[in-house]
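S.K.: here's my sequence, what's the structure:
(chains A, B, C and D, ligands or ions: 4)
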Amino acid sequence: MSALLKYYQQVLRIRRIEEAIAARYSEQQMRCPTHLSIGQEAVAVGISANLTTADKVYSSHRAHAHYLAKGGSLERLIAELYGKETGCTGGRGGSMHLSDLAAGFVASTAIVGNSIPLAVGNALHQQVQCLNEMSVSYFGEGATEEGAFYESANFAALRKLPVLFVCENNRYSVYSPMSVRQPPNRSIVELAKAIGLNAVDVDGNDVEQVASVSAQLIDGIRAGNGPALIECHTYRHREHCGPNFDDDLGYRPEEEVQHWLSRDPVKVLADALSAQGLSQAEFEDLENQVQREIEYAFDSALAAPFPDPANNGQYVYAE
Amino acid sequence: MSALLKYYQQVLRIRRIEEAIAARYSEQQMRCPTHLSIGQEAVAVGISANLTTADKVYSSHRAHAHYLAKGGSLERLIAELYGKETGCTGGRGGSMHLSDLAAGFVASTAIVGNSIPLAVGNALHQQVQCLNEMSVSYFGEGATEEGAFYESANFAALRKLPVLFVCENNRYSVYSPMSVRQPPNRSIVELAKAIGLNAVDVDGNDVEQVASVSAQLIDGIRAGNGPALIECHTYRHREHCGPNFDDDLGYRPEEEVQHWLSRDPVKVLADALSAQGLSQAEFEDLENQVQREIEYAFDSALAAPFPDPANNGQYVYAE
Amino acid sequence: MQNKAMTTFAEQVNRAQHEAMKADPGMLVFGLGLTDPKGIFGTTSGLGEAFGEQRAFDMPTAENGMTGIAVGAALAGSRVLMTHQRLDFFLLAMDQLVNNAAKWHYMFNGQMKVPLTIRLIIGRGWGQGPTHAQNLQSWFAHIPGLKVIVPSTTDAVANQLYSAIMDDSPVIFIEHRWLHQQQCEQARIGDITAKPQSVRIHRTGTDFTIVANSYMVLEALVAAKQLSALGVETDVVETSELEPATWQPVYDSVSKTGRVIICDSAHTSFSVASEIMCSVTEKCFGSLKQVPIRMGLPDYPEPTSIALTKHFYPTADSITKMVMSSLQREIPKSVYQNIGNDRTRPHDVPGEWFKGPF
Amino acid sequence: MQNKAMTTFAEQVNRAQHEAMKADPGMLVFGLGLTDPKGIFGTTSGLGEAFGEQRAFDMPTAENGMTGIAVGAALAGSRVLMTHQRLDFFLLAMDQLVNNAAKWHYMFNGQMKVPLTIRLIIGRGWGQGPTHAQNLQSWFAHIPGLKVIVPSTTDAVANQLYSAIMDDSPVIFIEHRWLHQQQCEQARIGDITAKPQSVRIHRTGTDFTIVANSYMVLEALVAAKQLSALGVETDVVETSELEPATWQPVYDSVSKTGRVIICDSAHTSFSVASEIMCSVTEKCFGSLKQVPIRMGLPDYPEPTSIALTKHFYPTADSITKMVMSSLQREIPKSVYQNIGNDRTRPHDVPGEWFKGPF
Ligand SMILES: Cc1ncc(C[n+]2csc(CCOP(=O)(O)OP(=O)(O)O)c2C)c(N)n1
Ligand SMILES: Cc1ncc(C[n+]2csc(CCOP(=O)(O)OP(=O)(O)O)c2C)c(N)n1
Ligand SMILES: [Mg+2]
Ligand SMILES: [Mg+2]
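M.R.: Numbering: from 1, shown residues only, chains lettered A, B, ... in the order given. Ligands and ions are numbered 1, 2, ... in the order given. Predicted coordinates:
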């Protein structure tokens, strides 16, 4: 299978999963705050192309794509959204606290910026233990405003830790544009360099670019050259939290929205594959594959039992 | 009086005051942690040359020089060290919590980095109220490791606030060298620029350089061009906290210590003035003036009453 | 605000801010999302338009630095109100709050004041989970120099917030999110500039004292009705200021009834309920007919799944049952079955209107 | 350590770290100044030399980020010990502590563990002042998922710290700085790997129970002697683990004596003493002969001047006087005059040896 086709398959898979969640969210059975990745899938797919299962990933509130691209179990994700016992945290964490240790997706957390130091701590462990693996920290451009980002990056640079910082710059923190949060000429890449990271920015909707540029950074990290940051310019299609489109609120310029929709990673990849001659039937096949997987995951999530609140007192302390 | 002579007088004054504190500290009557400015006086004197009483200053644990150079009352400083009622906070704050509102020295605080946001908040007030004044935030290079520095600088840049950040880089945080705290090629100036500040570094032991470079930055700030940072390379002569020399501990390279001692701002200025023909008698005159002032301050501090603990419950809440 | 018969808690919170901004032309108000289209659950809507973005503004995601900036502006003379959408996010700012805001007036010997109010919103339900539903009121109450106000009713909240803002000491103002849609007749809203009551007696009875604050006041009032139907008449006493020196009406009530249950909306151990129980024991030891009861959340984090939160939060029913069992009185089966039956909504939403997702 | 007859608290804290680093070759230890010439009051000396700077290291001044890094390393499988020279500095790290470390094991359903211990040192005296002398033990105790250990004696501390380090849950370990020089015979030091006692009975008597932790245990023991001379025999009970479930010996003692004074080294309101008093009241209500007494710091910050701290900290004398007055018994004038007379040092230093400045 061509690399492009593989990317498309993965981007499409995440897209359709997120759309299925969105479609069913209004049934009021997935009762937890949910931040969809729709529009930003190319980042996770491009980065994950260079990672092994041994590499460890941390993420933020908007984690579905990162979890899935790293190989996190779809069934356990959907079950988690439904608050079921078979969910990846047994219903305790919900959408904002995903984990699939077998896949090397350690965790996502709900407080902006607060999983960044965890990823760096993971890298510290990897370095001290001389492990043949690295860490990845995903976060939004809003998280770079937190001191936690800065302090973590400083320490990673100081000790040349094997960690890649992936900043998904989707231009907004909830409804707030960059203009109320960062000075006009802020370059996250320059900032990262000044802190001591190798840093570069890419078109986050171009999965091949994400994959190839991050491959170089990751090679450097694995070679012991110290941590790096990749800033991926991208865009979220739907509301910050929840299943709907919210451009009726007018917080994003119409042209900006249109510009980014025209560069939807699914569309861009599909166009490229069409141009390369992928047939309608092959496209449909891919869709059908994903649909089957999704249906199975939803069916099994719905069929799964709820966790028993009698066990609520368990795991407050480690045994 | 020549500018140089004026600088010398001020640097000398702070030096002799600090030395007097050091000399008497072992009498065990100034019972509070005390961080002397000896070796770093040129920074405060150079910066203060460009400030008016209306400008507001915040500082850190090592604040004596900043307070004195801004015009803070010597008597109230010494009384504060002795824990007396006439101290600048009536004995409540000690050496690490100085204030002289009449002089525009708002406060120093004891938690590393935590007065930086306060200075920025002060600048926010000044901007919103269209006041014809600015704010200054003094801190050490260690404080730049705190997220509070980064978050504050970001907001100051975002809103173009009238604040000057003065970083006294004396190479150590307590006994810890830069090598265990910041990556090898860290430039605080480049970092500040990447955050969005105008930034430049100077020889912090050269009072004229500090004064002239900061004058330019301050002009820009007053003109509304936004915040700036000046990094002043300097050195502390004595132990981190307390009156003694501690180079017997071996935490600083002997050559480094010697190099900086040879560039002692008092000595540098005295040499320059000698070269310009200032006579021995004139030097002695200056010393005598300072000595008289110091003796008076100590005498009045010692004579002052202790505060009454019966009032301990006062000022928990504002009336 | 509009001239309509009913108003909500969120509207009153909003009104207090508008009134304060008008009354003090130097006042600043900021917070994440403050001027965005949703305006922090509608509680800050219109402030940007009315007062301009110099005085009412959104901010970077930097809770610690921005809290320090709020303190610095307050010290300089600007009255400041800052809002955080969840109390949990404010954990980043404890240094600025405790080491600076709370102590400043004291440690600089009364020379400066910190006219700063911080609104913190407590999440609950719809999967808020472990890090979006914490109420750390006991932390703030433990710190000398901070005032802690925890409102519960729509008729009082504007007055409470206005007074907090106008206070020259730092005030932590903790709003439970489930209160925001609470309705009340406009006619019942009093003078916004009056001195608010620290303790409020919502109902009187001689058999038992129910002490509560925040959302638990609403549950307590339902319980009081249930108990009355069962022949137990209660004082319902709200401690909206977390300051033992203001709790005399609590002590008076317990001295009268000899029995007390204290409801908390935070984890039970080392809680505000613990302090109230302690103070009550100190002041009313001789009058106590039975050991005081405290009732709060279990000592584990809020899980996310709806299946796991069913009994996480005490309700009116829990109060009623606890009071009856402490009196060693049975609840007749017929009555017992009806308890709580008027609530058909799922337990994890404040009302049918709530559809998620945040 | 060396083969000498006496040892100090600081030496035992140091020893526990050396032993743990030896026992777990993956363990990391870091903190500001950890490997500097002073080694955090001598408590960390030798760690860098013994275990290398990969495992024992100094760090940037960045409490929040570094705490998160500690949590992340612990989650990855490194046992971690972090030290802060003052509890006050650690206020910067509450987000990482409360939202991550405390909840992780729970919110990820037991899939990961956080073998992290955080040593926090409480300052006192010699002008430590408002932001270098806070004991926020009640904050930590209020958070489910955190264990809080507050040692007091040299014979037990190595065992307590070693056990905290080896615990797979996050532990807050609060050391009062005035304990560091406390001496004890080597011979009295027990097995470092034993399970430490959560509650320890230091002395028994039938008239009164004195509950204390941290430095207040030392004051309590002096008071107990004074009281004995006055004919009042006391149980002195130390609660070194701040977990009500472990406090049965306290309840047993109060059930026996019917009278209790609870000593705290933090502000009194909303304190650990409040919780102990509450729990004692719940468990021993029927046995109480008088209202329990709590005694802590006043509810204002520690001022800096020696003139202002004279009565800020309760002492053995305060305990003795309070117990006697609660019993409505006079202290004979002759005895009264002698109380505390053995202490000639200024009240703001732990011993004559202390000469400042930090
Ligand atoms: C410390 C903290 N502050 C605020 C929030 C509320 N919040 C949740 S997501 C979010 C947006 C963050 O923006 P960004 O990092 O750019 O991520 P994006 O949502 O754009 O993917 C905010 C402010 C939070 N969860 N934690
Ligand atoms: C948050 C915090 N962490 C640690 C300390 C302990 N401490 C006091 S001064 C100091 C050194 C700071 O170094 P720097 O900022 O370079 O200032 P300098 O002492 O060199 O002037 C430290 C670590 C503190 N007071 N606050
Ligand atoms: Mg974003
Ligand atoms: Mg320094």
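S.K.: the closest residue to C:Val272 other than its chain neighbours - how many residues pack around it?
M.R.: Once flanking residues are discounted, C:Val272 sits nearest to C:Ser138: 4.9 Å by CB to CB, 6 or more residues apart in numbering or on different chains. All C-beta atoms are positioned from the backbone trio N, CA, C, and that covers glycine. Around C:Ser138 there are 28 other residues, counting by other CB atoms under 10 Å in any protein chain shown.
S.K.: tell me which element C:Ser138 is part of?
M.R.: Here C:Ser138 sits within helix C:137-142, counting by DSSP states H and E.
S.K.: give me the contact list for that helix.
M.R.: C:97, C:146, C:148, C:150, C:172, C:174, C:213-214, C:242-243, C:265-266, C:270-272, C:274-275, D:136, D:138-139, D:142, D:266-267, D:269-271 (CB atoms under 8 Å, 6 or more residues apart in numbering or on different chains).
S.K.: which helix or strand lies directly C-terminal to it?
M.R.: Following helix C:137-142 toward the C-terminus (DSSP H and E): strand C:147-149.
S.K.: which elements pack onto that next one?
M.R.: Here strand C:147-149 touches helix C:137-142, helix C:154-166, strand C:171-176, going by 3 or more CB pairs under 8 Å, 6 or more residues apart in numbering or on different chains; DSSP states H and E.
S.K.: quick one: C:Glu63 and C:Asp95 touch, right?
M.R.: No. Using CB atoms under 8 Å as the test, C:Glu63 is too far from C:Asp95 to be in contact (10.7 Å).
S.K.: ok, the residue of the stretch 151-300 of chain C found nearest ligand 3 - contacts?
M.R.: Closest residue of the stretch 151-300 of chain C to ligand 3, CB to the ion: C:Arg177 (23.6 Å). Contact criterion CB under 8 Å, 6+ apart gives C:41, C:121-124, C:350 as the residues in contact with C:Arg177.
S.K.: now the nearest residue to C:Val232 once chain neighbours are set aside: how far from ligand 2?
M.R.: With CB to CB, 6+ apart as the criterion, C:Val232 has its nearest non-adjacent residue at 4.9 Å, and that residue is C:Asp207. As for C:Asp207, its distance to ligand 2 is 52 Å (criterion: CB to the nearest ligand atom, to the nearest Å).
S.K.: next, C:Asp207: phi, psi?
M.R.: Phi and psi for C:Asp207, reported as degrees, to the nearest 10, are phi -90, psi -30.
S.K.: for it, grab the count of nearby residues.
M.R.: So C:Asp207, with other CB under 10 Å, has 17 neighbours.
S.K.: and for C:Ile319?
M.R.: C:Ile319: 27 neighbours (other CB under 10 Å).
S.K.: just give me the residue right at the centre of the chain.
M.R.: Let's take chain A. Chain A has A:His66 as the residue nearest its centroid, 3.0 Å off, counting by CA atoms, centre = their mean.
S.K.: not what I meant, chain C
M.R.: Note: chain C centre (CA atoms, centre = their mean) maps to C:Val150, 2.9 Å.
S.K.: that one contacts C:Ser214, doesn't it?
M.R.: Yes. Assessed by CB under 8 Å, C:Val150 is found in contact with C:Ser214 at 4.8 Å.
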